[in-house]
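Student: Just need the structure, nothing else, for what follows:
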Amino acid sequence: MKIYTLHKKQKFPISIDKAWNFLSDPKNLKTITPDYMGFNILSGADRPMYAGQIIQYIVTPVLGIKTKWVTEITHVIDKHYFVDEQRFGPYALWHHKHFIKEIKGGVEMEDIIDYKLPFGFLGSLMHPFMVKPKLEEIFNYRKQKLEELFGYY
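Tutor: Next comes the predicted model:
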């Protein structure tokens, strides 16, 4: 059982309050997700983030195939971090930690995603050619959109 990790960090010249208010609002996920993914929140984003929150989405990650994705916000420490975990969706495991910390002149945001692919050996074969490049593309898009919104550090 291979578990992969994606680790990203970026800095923004904004306050911790502004960063937290944007990043902890599930409705903003659509803004930082590529349009081609057809990201649409079905339910669960009608309240500020809290531990135990279930959010349901529809995404179209590959080949125009719509997929339901259900995540749970399992941990929240205001203005420090939150964790979302897949409960149903395209991965065998998805555990995404979002850390935010104040630094001189702004904030640093860190994402650590631990994930496992379905389909055993076949999933592992697809990782370097399909899954890893797609995740890199999505998080590069996210970086670009956040820089457009908040500027460069």
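
Student: Tell me which residues of the lowest-mean-pLDDT helix or strand in the chain come out buried.
Tutor: Least confident helix or strand, the chain: helix 120-126 with a mean of 86, by mean pLDDT, DSSP states H and E. Buried residues in helix 120-126, counted by 16 or more other C-beta atoms under 10 Å: 123, 126. The C-beta positions use only the backbone N, C-alpha and C, and glycine is treated the same way.

Student: which other helices and strands contact the helix or strand that that helix is followed by?
Tutor: Past helix 120-126, further along toward the C-terminus, the next helix or strand under DSSP states H and E is helix 132-150. The contact analysis (3 or more C-beta pairs under 8 Å, 6 or more residues apart in numbering; DSSP states H and E) places helix 132-150 against strand 4-12, helix 16-23, strand 106-116.

Student: Paired strands for the helix or strand just after the second one, with orientation please.
Tutor: Right, the one you point to is helix 16-23. Going down the chain from helix 16-23, the next helix or strand is strand 40-43, by DSSP H and E. Strand 40-43 sits in its sheet next to strand 53-59 (antiparallel), going by DSSP bridges.

Student: Quick one: mean pLDDT for the strand it pairs with?
Tutor: Averaging pLDDT along strand 53-59 yields 96.

Student: Right, I'll call it a day here.
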